[in-house]
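Colleague: quick one, structure for this:
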Amino acid sequence: MEDKLLRIGTTYLPVSNVDISSEWYVNKLGAILNYKDKEKAILNFANQSFFLVKAKENQSANFYNMYGDECFSITFEVNGLHALESFHREFKEIEIRVGDIEDRGHSGRNFVFYDPDGNKFDVWSELSPIFKEKFLNK
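Modeller: Residues are numbered from 1 along each chain as shown. Predicted coordinates:
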């Protein structure tokens with residue numbers, strides 16, 4: 001295969017209420033709402049497009065590992081520990097459900113947060129070197 005997959009363009013997230021969820025993402029995470037109907041909302045944030053799709057009850061993007069631990073499927077990156085701590089503090093202030101800042105034994109620190117439907121996300125204090133090179137070192 002000569003060509004390569006270049007980026008993730010869209011992530012689909014299950015939600016129970018498109019109106020409530022899209023408002024939460026816009027107001028809490030600063031997403032930009034591009035489209036909304038009764039079945040879906042299309043948002044832009046974190047250099048990506050997110051579709052919030054009305055799903056059946058009790059659906060989320062989470063999964064369980066072999067030990068029974070609930071896992072996230074998306075990690076957002078921020079530029080350094082100071083930014084991570086700032087987001088953690090701000091998320092708590094605006095009443096987003098967050099976990100503690102953790103040292104997971106690799107570079108940087110992380111914390112998890114949840115949307116209103118229980119979709120679990122991770123935030124990591126380290127930007128990927130390629131992203132830094134292409135978008136921050138201009």
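
Colleague: SS state for the residue most central in space within the chain?
Modeller: By Cα atoms, centre = their mean, the chain has its centre lying nearest to F121, at 4.9 Å. Here F121 is recorded as strand under DSSP: H, G, I helix; E, B strand; the rest coil.

Colleague: residue ranges for the helices of this protein, please.
Modeller: 18-29, 81-93, 129-131 (DSSP state H).

Colleague: lowest average pLDDT across those?
Modeller: The minimum mean pLDDT among these belongs to helix 129-131 (a mean of 82).

Colleague: tell me which of the helices of the chain sits most buried.
Modeller: helix 18-29 (a mean of 17; mean count of other Cβ atoms under 10 Å). Where C-beta positions appear, they are placed from N, C-alpha and C, glycine not excepted.

Colleague: quick one, domains of the protein?
Modeller: Using automatic domain parsing, the domain parsing of the chain gives 1-58, 60-138.

Colleague: tell me how far stretch 121-130 is from the chain's mean position?
Modeller: Centroid separation for stretch 121-130 versus its chain: 11 Å, with Cα atoms, centre = their mean, to the nearest Å.
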